[in-house]
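Asker: what follows is a predicted protein model with its sequence.
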There are 2 protein chains.
Amino acid sequence: MNVLVLGAGQLARMMALASKPLNVNVRAYDVGSRTVVDPLNLAQSYGDLAEGIAFADAITAEFEHIAHDVLAQCEASGKLHPSSQAIKTGGDRRLEKGVLEQCGVANAQHKIITTEQDFADAISELGLPLILKSALAGYDGKGQWRIKDASQAADIWKDIEAFFAGANEPAAQAVVAEQMVPFDREVSLVGARDAKGNTQVYPLVENHHTDGVLTVTVALAQNEALTAQAKAMFDKVADALNYVGVLAIEFFQVGEQLLVNEIAPRVHNSGHWTQQGADTCQFENHIRATTGMPLGSGELVRPTAMINILGEDEVPSEVLSVPSVHLHWYGKGKRAGRKMGHINLSADTNKALVERLYQVAQLLPSAAFEDIQQYAAELAKKY
Amino acid sequence: MNVLVLGAGQLARMMALASKPLNVNVRAYDVGSRTVVDPLNLAQSYGDLAEGIAFADAITAEFEHIAHDVLAQCEASGKLHPSSQAIKTGGDRRLEKGVLEQCGVANAQHKIITTEQDFADAISELGLPLILKSALAGYDGKGQWRIKDASQAADIWKDIEAFFAGANEPAAQAVVAEQMVPFDREVSLVGARDAKGNTQVYPLVENHHTDGVLTVTVALAQNEALTAQAKAMFDKVADALNYVGVLAIEFFQVGEQLLVNEIAPRVHNSGHWTQQGADTCQFENHIRATTGMPLGSGELVRPTAMINILGEDEVPSEVLSVPSVHLHWYGKGKRAGRKMGHINLSADTNKALVERLYQVAQLLPSAAFEDIQQYAAELAKKY
C-alpha cells in the first residue's frame, strides 16, 4: 500500500516511520519545490504531483495551507482523505467557524472583518478585549492582533490594512475577531475517524504555549468527564466533515466548560506524546484511517508529556539518561525558532510524570527552555 | 550520526526505524551483493563496504554469520560494536561454549566432534539422548541431529560426514554434541550493555518454537527471581566479551534453574515484543549502545506477546481490530517459511494478555498458525 502526503515536513516523516511496519510506503509532496520526495530521505525525489498521485493508494495532508488547485487535483483521483473541504476548513477560520456554528459546538463569540466598519462593529457587538486572527494564513501565533482598549483600534487597523495589502489573494483579506476568553488553561483532543464513522480518541491533554507556540503537552490519567465533553464535540465536528483520518481540536477550558479554539485537520503537535504514551500513536492511526485499516486504540498506556525543541539541534546527553525519556529529532537544519524535534517522557503515575517533567526541564539549557522550566515547576507544585 | 549495519534484513530495517528519531542514519551492508543499501529502501545503494565504513560513525551487525575478512576490515576502522570476537562467538558454537565455560555459566554438558571416534566418545561420556549441532552454520533448526539410541549412530555419522563434505571451510567440519536437557520451557533474556559497562536488561520471556523456529514470545509481569538469575549470567557473558550493544541469551529452564542454550550477539527475534511492551525497544537500545548514548530503560510497560509471521504476506484485517495489536511487516517477498513480519499484542494484565493471544491466534489461518493456536490455548489455560 502506498500513501502520498501533501507536505514534506516532520509530520510526513513521522507518518512514514509509523507506516513502514504496516508495509505502507509513504512519499511526500513538497509544496515548495513541487516535487515528490522520500520523507525519510529528502534528497530522494520521485517526480511531480501527477506521479505522486499515480503512485498512491491514498493521499493525505500534513498541513492545511495547501494550494486549492493541488487539493482539487488530488481529490479528483478519489484518493484524498480527509476531503479537500475538511482540509480547507482547517485552513480558513471563516469556514472553521461556519462548521462549529453548524454543529452547535461551543466556541468564542466572533465576527468576520474585512473593512474598518466591520472592525468598529465587532468592537461594539463583541466588546473588548478581542483577539483578531487572519482568516487564512498564520498559525503558531503569526498573523494575530490583540485589542484591549478602543484607543488602539486605529493603529491596529493600519496594521491589518498593511497585512491585507501584502496578501497573495483576495480571500486572505479578512480577519476573524473573537472575544478573548478568560480561560483557565488550553487543552486539546486528538482523535481518528475512519471511513465507516468509527472513532478512537486520545485522552484530553493540557497544552502550554510560549509566545504563541506550543511547547509542552501533558497527557495524564484524569478527568474522564472533560474528555467525554471534548469527545462529544469531536464527534459532531468529525461527522459534519465526514472526516477520515486524525483530527485535532484545541479548546479553551473555562471552569468545567470547553470552548473550541481551533481545529486542525491532521496529526497535531499536541498528539506527539502518543508515540510513547498511547496504545497506537496518532501517526499510525492516521495511516490506518486513510488506508482503510481498522483504527488502533487511543488508550493511555502511561502518563506522558512532550516538550518541543525549538531552534536547538542538540540537548544534553543527560536527558536521555533519565528513565522513560525518548528523543524525536526531525533531521532538520538548525534555525531560530524552528521545530527541530521533541522529547517524550513517561512515568507510571501523574505525580511521577510531573516530577520527571520538572527534572528533564532542569537539564535543558535555560536560554532556550526557561519558560518550559517555569511551567514544569508550576505543574510539579500542583501534584 | 551514522551507523552501518552488517546485514540488510529485517533487523537492520527495524534498527533504521528506531534510529531516525535519534537523528541517526542507518545504512546496511548486504553480504550477498556486497553493496551498501538503505535498509528502508533496498533499491537505493551506496557503494561498497569501504564506502560504508567511511560513512559510519559506528558499525554493528544484525547477524553472526559474517565473513571474517569483512569483520576484520570493519574492526580495523575502530568503529565495530560489538567486537568481531563477540560476533564470531555467536557464530561458532565452539567459541560460545568456551566463553560459557570461562564464565562458569551453567550450560548443557557437551563435547566437540570432528571424527567418528569423537562421536563414539561423546555417546559414552555424555550418554544418550544427545543433540548435535553444526559448529558454524545453522540456526532455526538447520544443521542439527538428534540421537536417542546407539543404533542410530552409524546413519547419523554418515549424514554428518556428508554435511562436512559440503562445508565451505575446514572450520565448519565440526559439530557440538550436547546432552539433551529435559527442560520445562525455553526462555530468553535480551539486554544491552554500553561501552562503560552499564547494562539494561528486559524481563525474562518465554519462547515457543515450531519445528525449531521461534514462533511466539511472551513477556509477562512475573518471576523476578528467575530474571535475576538470568541477569547474573548475562552480566558474566557480556563482561567476558566486553560487549557493546544488545545481546540475547537463550536458556533452558529446568525447575528453577536456567542453563544457557545459546547466545546471539545482536538484537533478537525474542526481543521484538519490546517495540510495544518495553520502555525502550531493543533496536533503539542497540543503537544507543553502539553510538555511545545512554541506555534506555528495559522496564516492562505492559505484558506483551509476539507472534512470528512465517511464509505469509497478509493476515486477516480483524487482527488489527483487536485492541493493542500492532503489525510489523518486513517488506519482503513471500516465500515458504520466510520470516515475513510479526504481530505484537499487549494487555494490562498477564491474564488479559494470554486471553488476547488466544483471541488473535484464533483469527489467524490454521493452515499456517495451527501450532501457535495450540500453544496459545495451552497458555490461556494456565492463567
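Answerer: Sure thing, it's come through.
Asker: CA only for contacts and neighbour counts going forward, please
Answerer: Noted.
Asker: pLDDT of whatever helix or strand A:Phe119 lives in, averaged?
Answerer: Under the criterion of DSSP states H and E, A:Phe119 resides in helix A:116-126. Helix A:116-126 carries an average pLDDT of 97.
Asker: ditto for stretch A:58-74
Answerer: Mean per-residue pLDDT for stretch A:58-74: 96.
Asker: could you list the buried residues of the helix or strand just after the helix holding A:Phe119?
Answerer: Later in the chain than helix A:116-126, the nearest helix or strand by DSSP H and E is strand A:130-134. Of the residues in strand A:130-134, A:130-134 count as buried by neighbour count, 16 or more other C-alpha atoms under 10 Å in any protein chain shown.
Asker: show me what contacts A:Ala165?
Answerer: Residues in contact with A:Ala165, defined by C-alpha atoms under 8 Å, 6 or more residues apart in numbering or on different chains, are A:Gln173.
Asker: er, A:Ser83 actually
Answerer: When contacts are counted by C-alpha under 8 Å, 6+ apart, A:Ser83 touches A:75, A:243-244.
Asker: what's the answer for A:Val216, then?
Answerer: Here A:Val216 is in contact with A:207-209, A:305-308, A:372 (criterion: C-alpha under 8 Å, 6+ apart).
Asker: can I get the residues you listed in TSV with neighbour count and distance to chain B?
Answerer: Shown next, in TSV, are the contacts of A:Val216 (neighbours: other C-alpha atoms under 10 Å in any protein chain shown; distance: C-alpha to the nearest C-alpha, whole Å):
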residue	neighbour count	distance to chain B
A:Asn207	22	22
A:His208	20	23
A:His209	16	23
A:Ala305	30	14
A:Met306	29	14
A:Ile307	25	14
A:Asn308	24	14
A:Ile372	23	22
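Asker: what about the residues you listed, which are in strands?
Answerer: Among these, the members falling in strands (DSSP state E) are A:207-209, A:305-308.
Asker: which of the contacts of A:Ser83 fall within strands?
Answerer: Using DSSP E, no member of the contacts of A:Ser83 falls within strands.
Asker: so which of the residues you listed sit within helices?
Answerer: A:Glu75 (DSSP state H).
Asker: which one of the contacts of A:Ser83 is nearest chain B?
Answerer: A:Val244 (17.0 Å; C-alpha to the nearest C-alpha).
Asker: how many residues are close by the closest one?
Answerer: Close neighbours of A:Val244, defined as other C-alpha atoms under 10 Å in any protein chain shown, add up to 30.
Asker: is it in contact with A:Arg193, as I believe?
Answerer: Yes: in this structure, A:Val244 is within contact of A:Arg193 by C-alpha atoms under 8 Å, at 5.2 Å.
Asker: shared neighbours, those two?
Answerer: Listed as contacting both A:Val244 and A:Arg193 by C-alpha under 8 Å, 6+ apart are A:Ala289.
Asker: which two among the contacts of A:Val216 are spaced furthest apart?
Answerer: A:His209 and A:Ala305 (13.8 Å; C-alpha to C-alpha).
Asker: wait, A:Ala238 touches A:Ala195, no?
Answerer: No: A:Ala238 sits out of contact with A:Ala195 when judged by C-alpha under 8 Å, with a separation of 10.8 Å.
Asker: more neighbours: which of these two?
Answerer: Set A:Ala238 next to A:Ala195 and count neighbours by other C-alpha under 10 Å: A:Ala238 wins out with 25 against 18.
Asker: test for you: state the pLDDT assigned to that one.
Answerer: For A:Ala238, pLDDT reads 98.
Asker: and if you look at A:Ala165?
Answerer: 89.
Asker: same deal with the one 4 residues further on?
Answerer: Predicted confidence (pLDDT) at A:Glu169: the value is 82.
Asker: still on that earlier bit, any chance of the buried residues of strand A:130-134 in TSV, with pLDDT too?
Answerer: Listed next are these as TSV, based on pLDDT from 0 to 100:
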residue	pLDDT
A:Leu130	97
A:Ile131	94
A:Leu132	95
A:Lys133	93
A:Ser134	93
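Asker: ok, those vs A:Asp149, which is closest?
Answerer: Closest to A:Asp149, out of all of the buried residues of strand A:130-134 and judged by C-alpha to C-alpha, is A:Leu130, at 9.2 Å.
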